[in-house]
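Peer 1: Model the structure of this input:
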Amino acid sequence: MIGKSAHPTGVLRANQVGGAEGAVPGSRPDEPASPAWALALLSWFEGHRRDLPWRRDPTPYHVLVSELMLQQTRVDTVVPYYERFLRRFPDFAHLAAASEEEVLRLWTGLGYYSRARHLWQAARQVVARYGGNLPPDRGVLLSLPGVGPYTAGAILSIAFNRPAAAVDGNTARVAGRLLALDATTARGHRELADRIEAAVPPGRARDFTQALMELGALVCLPPPQAPDCGRCPLAAWCLWCKSPQDRSSTGAAGARQPKPGPRVVPRAVLVVACGNRVLVRRRPSRGLLAGMWEFPGTDVREDGPRAAALRTALDLGIALGLGIAGGLGVGQNCGHLGSAEVDLQGPAVHYAHTFSHLRWEVDVYWAKLPPAPGILESTGMEGGAGPPTVLWLRAADLASQVPLPAAFRPVAAFARSLVEGGAPPGG
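Peer 2: This next block holds a predicted model:
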């Protein structure tokens, strides 16, 4: 713990920090319920809170949507997605009535698509079990897909104004530094949550939770940035400020272990065009970008990206149920997809896209098919049973037709130019 040698009990009394009156960090059950630092934090928040759309009407639905969107995503990125999402799905009932694909399409570009699925599944559960009215019950909240202890605490405190700890990264950093607690351990995290909950001023849980988050976002910054202790309303009580010799420690200091860089994966992507339409394929139901739509492609092996693109063309011939005529051998430039000759061109575009754990280095190849009976009606499902696994869609408005992840935006732009203006360079 930070400050342990100077304050063995982790308690810092008012007369130790310049004579401030009232209870302080380390409050005991027999001391006032609202320590002075909590009141100072609320006073600061009233003058510094950002005008964020989910704060204007903090209903349980609004809080749930915003909290799931904000996971691993910056506030300024989330705002337009949140506003657009609320226009289309203003409450649990509207979201529950939508299809999963429609929800994913509206989420496209925000990433971490499991969050969208969890949100949609949670809405269906709330409507089915509670008539669209989420009750202020921690057990109920924790039963919702995608909701853990932090999100449950955020909904209880922000939406229902109930005293509940919502310990995210910002809150753990602020309170951990303030109270000299290491929230990186399970025991430290539990103690931190208990101390935060005990400090909530009566009737002010909503503001208190948001104030801790705001202070962490604006003032008590994480490494490698330096916290702006001179502007912090909690500086008089903060053990981090009072114990500079311990700032190299983990936990309360907010130190982070360096993360390894993303794994680089070379990938070949194929744009197959027929008239004004291009072929897209549904990704598997598990794994990266599960269930989303993509331009067909595959990871590159030792034989290089062109061979990977040719393998993709072969796979497409099988998926379409058209058969392969003439053989499409690796190393050939020209093969056949059904009765249509495939002349593979490219690479026409090279770009990179980084996920949280890997980085695609993408080469884009292309082929144009002459119109042929049955090709554009192919869905990849034998006998037409089940949902389609491949679709031929207008290149001009792909994003409005299927959820196409941001990883394929450069390919979509290339596909539009391909069907509009003939053969691009790179063939």
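Peer 1: which SSE is the closest residue to residue 110 other than its chain neighbours in?
Peer 2: Distance criterion CB to CB, 6 or more residues apart in numbering; nearest residue to residue 110, sequence neighbours excluded, is residue 81 at 5.1 Å. Any C-beta I mention is one placed from the backbone N, CA and C, and that applies to glycine too. Assigned by DSSP states H and E, residue 81 belongs to helix 75-88.
Peer 1: just checking, next helix/strand downstream of that helix?
Peer 2: helix 92-97.
Peer 1: Of all the residues in that following helix, which ones are buried?
Peer 2: 92, 95, 96 (16 or more other CB atoms under 10 Å).
Peer 1: quick one: contacts of the helix or strand containing residue 195?
Peer 2: Following DSSP H and E, one finds residue 195 within helix 186-199. Helix 186-199 has contacts (CB atoms under 8 Å, 6 or more residues apart in numbering) with 1, 25, 27, 33-35, 37-38, 149, 153, 163-165, 167, 171-172, 175-176, 179, 181-183, 208, 212, 251.
Peer 1: Out of these, name the ones that lie in helices.
Peer 2: Of the contacts of helix 186-199, the ones assigned to helices by DSSP state H are 37, 38, 149, 153, 171, 172, 175, 176, 179, 208, 212.
Peer 1: would you list these in TSV and tack on neighbour count, pLDDT and distance to residue 72?
Peer 2: Shown next, in TSV, are these (neighbours: other CB atoms under 10 Å; pLDDT from 0 to 100; distance: CB to CB, whole Å):
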residue	neighbour count	pLDDT	distance to residue 72
37	26	94	29
38	27	94	29
149	17	93	17
153	26	96	18
171	25	91	16
172	25	91	15
175	27	92	21
176	27	91	20
179	30	90	26
208	27	96	24
212	29	95	19
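Peer 1: Just the terminal-to-terminal distance for stretch 275-295.
Peer 2: 17 Å (CA to CA, to the nearest Å).
Peer 1: ditto for stretch 79-99
Peer 2: Note: stretch 79-99 ends 23 Å apart using CA to CA.
Peer 1: State the mean pLDDT of it.
Peer 2: In this model, stretch 79-99 has a mean pLDDT of 96.
Peer 1: Any idea how far it is from the middle of the chain?
Peer 2: 17 Å (CA atoms, centre = their mean, to the nearest Å).
Peer 1: likewise stretch 349-367?
Peer 2: 20 Å.
Peer 1: in that stretch, what's buried?
Peer 2: Going by 16+ other CB under 10 Å, stretch 349-367 has these buried residues: 349, 353, 355, 359, 360, 362, 363, 364, 365, 366, 367.
Peer 1: And for stretch 227-244?
Peer 2: For stretch 227-244, by 16+ other CB under 10 Å, it's 227, 232-243.
Peer 1: And these, which is the shakiest by pLDDT?
Peer 2: residue 243 (75).
Peer 1: is it true that it touches residue 180?
Peer 2: Yes: the pair residue 243 / residue 180 is scored as a contact, 7.3 Å apart, by CB atoms under 8 Å.
Peer 1: hmm, back to that, looking at the buried residues of stretch 349-367, which is nearest residue 202?
Peer 2: residue 355 (44.5 Å; CB to CB).
Peer 1: before we move on, back to that, include secondary structure and distance to residue 397 when you put the buried residues of stretch 227-244 into a markdown table, please.
Peer 2: Below are these laid out as a markdown table (DSSP: H, G, I helix; E, B strand; the rest coil; distance: CB to CB, whole Å):
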| residue | secondary structure | distance to residue 397 |
| --- | --- | --- |
| 227 | coil | 47 |
| 232 | coil | 50 |
| 233 | coil | 50 |
| 234 | coil | 51 |
| 235 | coil | 54 |
| 236 | coil | 58 |
| 237 | coil | 56 |
| 238 | coil | 54 |
| 239 | helix | 57 |
| 240 | helix | 53 |
| 241 | helix | 55 |
| 242 | helix | 60 |
| 243 | coil | 59 |
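Peer 1: and of those residues, the nearest to residue 56?
Peer 2: For the buried residues of stretch 227-244, the nearest to residue 56 is residue 233 (23.8 Å; CB to CB).
Peer 1: isn't the closest one right up against residue 41?
Peer 2: Yes: using CB under 8 Å, residue 233 makes contact with residue 41 at a distance of 5.9 Å.
Peer 1: Overlap in contacts, the two.
Peer 2: Common neighbours of residue 233 and residue 41 (CB under 8 Å, 6+ apart) are residue 215.
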